[in-house]
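fold the stuff below for me.
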Amino acid sequence: MYFYELHEGDAEVYSDVLLVHDEQYEPEEFFELVQSIRRQVLDGFEDDTLIEAIAAVLERDHGFVFISDDKLTAAVNVSRDDDDTFLASLDGETGDEDDELEPDVDYVTIRAALDPDGSGRPN
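From the prediction side, this is the model:
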């Protein structure tokens, strides 16, 4: 099994998808394949993201397996705290009806004044 990854976005916000194939593609060969598919789907695709559209074509036409959330068998939330380590439902809920929907979280707001000229007066 060989694993491949597609990234989309910039340095701050991005998403990625994983693919698996029985055969090994050289990185340049995989890149060229992705480029050709990108050009084909760029003007119109029904998936949420471009990389999901490309992954769907790689799976449908080229024998890759797109490791998407709908193929998950189990999900486990892992934490240093025993209470926060649990088998999670695959639809995003914890499965415990008595739990609150949002965890107990302390929110902190930090405000900073911009003083670019060093005058002591925020702009």
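
all strands of this structure, in order?
Secondary structure of the chain (DSSP state E): strands at 2-9, 14-21, 65-67, 75-77, 86-88.

tell me the most buried of those strands?
strand 65-67 (a mean of 17; mean count of other C-beta atoms under 10 Å). From N, CA and C alone the C-beta is placed, and that goes for glycine too.

neighbouring strands - and their directions - for that one?
strand 14-21 (antiparallel) (DSSP bridges).

can you tell me which residue is nearest the centre of this structure?
Centrality entry for the chain: nearest residue to the mean C-alpha point is S15, 4.0 Å, by C-alpha atoms, centre = their mean.

settle this for me: it is touching G9, isn't it.
Yes. The criterion here is C-beta atoms under 8 Å, and S15 meets it with G9 at 6.0 Å.

identify the residue spatially nearest to S79, adjacent ones excluded.
In space, not counting the residues next to it along the chain, S79 is nearest to T85; the distance is 5.1 Å by C-beta to C-beta, 6 or more residues apart in numbering.

pLDDT weak spots in this structure?
Counting by pLDDT under 70, the chain shows low-confidence ranges at 10-12, 92-123.

which helices and strands sit right next to the longest helix seen in it?
What stands out as the longest helix in the chain, according to DSSP state H, is helix 27-41. If you count contacts as 3 or more C-beta pairs under 8 Å, 6 or more residues apart in numbering; DSSP states H and E, helix 27-41 packs onto helix 50-62.
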